[in-house]
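Student: need the 3D shape of this:
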Amino acid sequence: MKNKSGFIRIKSVWAFCFSTAILTLSLFSCSTPDHKDEYKQDSTWAMLPFQKINDVNPILSASDGVFICPILKQEVKWEEKDVFNPTAVVRNGAIYLFYRAEDNIGKFNGTSRIGLAVSSDGIHFTRMKEPILYPAEDFMKVYEWEGGMEDPRIIENENGTYFMTYTSYDGNVARLCLASSVDLLNWTKHGLVFQGKYIDHWSKSGAIVGKQKGNNVIAEKINGKYWMYFGDTDLFMATSDDLIHWQPVEEDGKLKSVLKPRKGYFDSRLVESGPYALATEKGILLLYNGMNSDTAGDADIPKGAYCSGQALFSLTNPTMLIDRLDHYFLKPDQPYETEGQVNQVCFIEGMAPLNGKWFLYYGTADSKIGVAVME
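Tutor: Residues are numbered from 1 along each chain as shown. Sure thing, here's the model as predicted:
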């Protein structure tokens, strides 16, 4: 979802609008060609219901924290403007929430950096004073400056190493990137996820497939490989042997679309990955974000609104869509969700299991952070 405030979002919409006529028609189909309708809208496979904790939301808002930017060589109020689009992971009985924060000085409506807040109950957080990941004088500066580092998603591997996908924005192109850590505090950048002919391809929102093991979600190999959903028009896929080096899944020499917008639905304009995808007994469950079309969408929700959906993919073929909820399960209906930097936005991106509950974290109007809980 969401991107460099208006800039990346607008770029995504332009890319969507200027697709070929054939692609445009396919975007409005209700399912991929290999959709099996195996469950026929039997929603027992879905994670429902999530309840917003309205008496504490928003759980994080902009703050006056400062740090010395290594590029500007000066003190910057790095989260003064907005905080939103968080990811989450559980470590040692606490939820670590990584979120996108914007300052007020970047020429692209603020530079984005990634901050960290920690909670023992999933609701009340203590934030660190300085960002955890940020543009610096390193090999990634050409891609990260000065738009920044946006919209993280995180997962753990079986050896306890954490992998974070994030979006870099150089003011022109959004690119999916990767970093790793063994302690959640010190991170190593691994660079762009895609190389070769896709190095300058607009890419973002990498949601890796994992499996729940207690309070942890561990990256899960399927058919001998790790899998990742990504994209913010259609959804596409990539595979990896080591969670660092990724290969896009192609069809006829192009990215293979595995989930498309649907005319007349809440996700009629675009679809975008939510948190990690979950391997379950019934299939791979993907929570995702959908944007409503101005002219061909759901007339019962505002134009351009971001709501949350769920889709189920095959456990043996992660590119095959099995089922998909017709209705959103989360929509903007609170004041801090309907008005902000970008109005009418609930953008899910982080999810964590803790003490018998699932905590779902989302950006509200590209300005603050909210939480919804499923028992």
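
Student: list the contacts for the nearest residue to residue 256 once chain neighbours are set aside?
Tutor: Closest residue to residue 256 in three dimensions, ignoring its sequence neighbours and counting by C-beta to C-beta, 6 or more residues apart in numbering: residue 249, at 4.8 Å. C-beta coordinates here come from the backbone N, C-alpha and C atoms, glycine included. With contact taken as C-beta atoms under 8 Å, 6 or more residues apart in numbering, residue 249 is in contact with 236-239, 255-256, 258, 319.

Student: filter those residues down to the buried ones, PyMOL style.
Tutor: Buried residues within the contacts of residue 249, by 16 or more other C-beta atoms under 10 Å, are selected in PyMOL with:
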select buried, resi 236+237+238+239+255+258+319
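
Student: in helices only, show me the contacts of residue 249.
Tutor: Among the contacts of residue 249, no residue falls in helices (DSSP state H).

Student: so can I have a markdown table of the contacts of residue 249 showing distance to residue 352?
Tutor: Output for those, formatted as a markdown table (distance: C-beta to C-beta, whole Å):
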| residue | distance to residue 352 |
| --- | --- |
| 236 | 25 |
| 237 | 24 |
| 238 | 24 |
| 239 | 25 |
| 255 | 30 |
| 256 | 30 |
| 258 | 25 |
| 319 | 27 |
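
Student: let me know the closest of the contacts of residue 249 to residue 66.
Tutor: residue 238 (37.2 Å; C-beta to C-beta).

Student: I'd say the closest one and residue 248 touch.
Tutor: Yes. In terms of C-beta atoms under 8 Å, residue 238 counts as a neighbour of residue 248; the distance is 4.9 Å.

Student: endpoints of stretch 178-198, how far apart?
Tutor: For stretch 178-198, the first-to-last residue distance is 15 Å (C-alpha to C-alpha, to the nearest Å).

Student: rewinding a little: ramachandran angles for the residue nearest to residue 256?
Tutor: Dihedral angles of residue 249 (phi, psi; degrees, to the nearest 10) stand at phi -80, psi 120.

Student: do you know how far it is from residue 243?
Tutor: 16 Å (C-beta to C-beta, to the nearest Å).

Student: rewinding a little: okay, the residue nearest to residue 256: pLDDT?
Tutor: Note on residue 249: pLDDT of 98.

Student: before we move on, what about residue 106?
Tutor: Taking residue 106 on its own, its pLDDT is 84.

Student: show me the contacts for it.
Tutor: By C-beta under 8 Å, 6+ apart, residue 106 lies in contact with 112, 146-148.

Student: just residue 122 next, same as before
Tutor: Applying C-beta under 8 Å, 6+ apart, the residues near residue 122 are 95, 352, 354, 357, 359, 371, 373.

Student: ok, so of those, who is nearest residue 292?
Tutor: Of all these, residue 292 sits closest to residue 371, with 23.0 Å by C-beta to C-beta.
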